[in-house]
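Q: model the following, please.
(one chain, ligands or ions: 1)
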Amino acid sequence: MAESGKRRANHVTCSEHEILEYLNRTEPANRQLCEFKLRHPKPVGILTTSSGKLVELRETTTLNSDSFSNEYFIDFLTHNDAERIPERVVHASGTGAHGYFEVTHDVSKYTKAEVFNGVGKKTRIFGRFSNAAQNLGGSDLVREQKGLAVKFYTREGNLDLLCINLPVFFYRDPIEFGHFVHSSKRNPRTQLFDPSLRWDYVTKRPDNVHGQLWVQSDFGLPNGYRKMNQFPIHTYEINNKHGDKYYVRFNFISNQGIEFLSDEAAAAIGSRDPDYFKRDLYNAIENGNYPSWNLEMDLITLEEIKKLDYDPFDLTRLWKKGTYKTIPIGRIVFNQNPDNQFRDNELSAFNPGNLVPGIPGPMDNVFRGRRSSYRDTQTHRLGINHNRIEINKPLYWKVYNRDGYAPVRENMRDAPNYYPNSFNGPVPYVDPSRPNSRFVIYEPNAVDLEPASEFYNDFLTEDQRQRLVNTTVRSLMPVPPDLQKRVIRLYTLTDVDLGTRVAEGLKKALRMPPPPPPPVLRLTQHYKKDKSRPHHH
Ligand code: HEM
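A: Just a heads-up that it's a prediction; the model follows:
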């Protein structure tokens, strides 16, 4: 009697009406499991172990049985132990989406890259949106640069454009990367985000000031991944089929408009939904409200670039107005959520060195550092065969690389494994239009604070300037006084108004009484003592 009562309790069902009402009312992210069930009215199959042995019902519990003879138990337990792989050293927290790129304007005059040529041509893409300093699972509602990495699966190989939502970068020397990252992430003792690290680093490496101002401004906290522009920043060399060279900065311009969150709004959203950015993107795509960005390039010719009065390869500065023209190329559209985020998002490997003919790419030192860093970290994170993983697979490849940890795919079967050979292994092609020389860039070591001052004075509105001062003051509050003084001195050198306002704001904020502690609920009864009902004979 009790048995069948329990069984009935487990099989509570809703009326079709109740389910439909729920599906209509709730957002796509909440409907996911119901929708799976609607697509699969019956279980998707008989359960197996990882080696394919069918699992019998009594193997789904170990109680009163020889658990170590239960292959299903051992298989599941040990696989679970090994589920995690290293998270990305930066941009660990993110989400992926599939889509396409469509050419809208003919740019064959400037680049022969086939992916950008032929109006109307579509190329499959995979994009990954991310937060720069958060660990995997970190909150989206945090002031820091946001990334978008786009992989174009072109007929000439994968083209990866890795972007952040700021048009300038923090430094020009790749040796800064690890130090910059350490200073932006958690303090190794307290495990907390610690603004002292960051401000100390900025004052020791003032090339970071311009990027830091962008982060502390409205741009450091967009209202979700759809509402921001994205920039690969570096100056790329491109060339056409005659070998003529041009210099470009690519821009992805959001068709959803640009919106920001104040610190207060972000705190309110973050307290109920730390995954707000991921949820917003997922729901938009499921609702058929496909987010898109126009891809354009700011372009300078070879003749023009030699005459500029500023360094166009410097990542820490914008190109000056009037020195370039902007040329539209096409648009990216994200129209499909991955059905498995680990497989597509976590295993994706973007490398700015993945370029195609017609886009030989940037020559600056940061880019050269990046060419080795991404490959190296992905070998650590995913293994030497990361380009054989499904999401990273180019449309075509023929290599002399062999072996290594799986996946190896067909491992080039029995083809010759050395080059050159006389037995018809893969051979290189000849490109007569490829330019045979490139600029060698001389990169000065001096720090130029002028672009930062221009950003503060000419780019930002008065409201935006005030909010930048406020977020800076907020982040300087917990920092030691000598460091606060160093920041104020550096900011005053950048711009007197900026330095003065931060100093005054900080003085005022430090005089304010600390906020009252939040109300808590106190326990009134003992919970160690056994509170269960007394046993009656
Ligand atoms: C010295 C300079 C830099 C170095 C050494 C560097 C290194 C790295 C590394 C090691 C990763 C993790 C990659 C992975 O685990 O797959 C990464 C991710 C990323 N980087 Fe950089 N980075 C640099 C500069 C930049 C710049 C200038 C940008 C943007 C313009 C950028 C954008 C990104 C993005 C968007 C990701 C996330 C990629 C993804 O979603 O998988 N990085 N970077």
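Q: what's the nearest residue to the residue of the stretch 51-200 of the chain found nearest the ligand if we skip its chain neighbours?
A: Distances between the stretch 51-200 of the chain and the ligand by CB to the nearest ligand atom are smallest at Gly147, namely 2.9 Å. No exception for glycine: its C-beta is placed from N, CA and C like everyone else's. Spatial nearest neighbour of Gly147, excluding adjacent residues (CB to CB, 6 or more residues apart in numbering): Ser130 at 4.2 Å.
Q: surely that neighbour is in a strand?
A: Yes - under DSSP: H, G, I helix; E, B strand; the rest coil, Ser130 falls within a strand.
Q: can you tell me which helix or strand of this protein has the lowest average pLDDT?
A: helix 2-10 (a mean of 48; mean pLDDT, DSSP states H and E).
Q: list the contacts of stretch 257-277.
A: Contact partners of stretch 257-277, identified using CB atoms under 8 Å, 6 or more residues apart in numbering, comprise 95, 129, 131, 138-143, 146, 218-219, 221-225, 227-229, 279, 467, 470-471, 474.
Q: how about a cut-off of 10 Å?
A: Residues outside stretch 257-277 that contact it (CB atoms under 10 Å, 6 or more residues apart in numbering) are 29, 93-95, 129-131, 134, 137-143, 146, 165, 217-229, 279-280, 282, 464, 467, 470-471, 474-475.
Q: can you tell me the centre-most residue of the protein?
A: Ser130 (2.6 Å; CA atoms, centre = their mean).
Q: surely that residue touches Glu87?
A: No - Ser130 lies out of contact with Glu87 (CB atoms under 10 Å); the separation is 11.1 Å.
Q: so which bits of the stretch 351-500 of the chain are right by the ligand?
A: Residues of the stretch 351-500 of the chain found near the ligand (CB under 6 Å from any ligand atom) are 366, 369-370, 373-374, 377-378, 381.
Q: against the ligand, how distant is Asn436?
A: 27 Å (CB to the nearest ligand atom, to the nearest Å).
Q: now do the contacts for that residue.
A: Counting by CB under 10 Å, 6+ apart, Asn436 has contacts Gly243.
Q: what residues of stretch 328-335 count as buried?
A: Neighbour counts over stretch 328-335 (16 or more other CB atoms under 10 Å) mark 329-334 as buried.
Q: which of these fall within strands?
A: Applying DSSP state E to the buried residues of stretch 328-335, the entries found in strands are 329-334.
Q: now distance to Val502 too, for those residues, in CSV please.
A: Converted to CSV, these look like this (distance: CB to CB, whole Å):
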residue, distance to Val502
Ile329, 40
Gly330, 42
Arg331, 40
Ile332, 38
Val333, 42
Phe334, 39
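Q: closest one to Asn70 out of those residues, please.
A: Phe334 (43.5 Å; CB to CB).
Q: and the longest helix along the chain, what does it pack against?
A: Criterion DSSP state H: the longest helix present in the chain is helix 365-382. Helix 365-382 is packed against strand 157-164, helix 177-184, with contacts defined by 3 or more CB pairs under 10 Å, 6 or more residues apart in numbering; DSSP states H and E.
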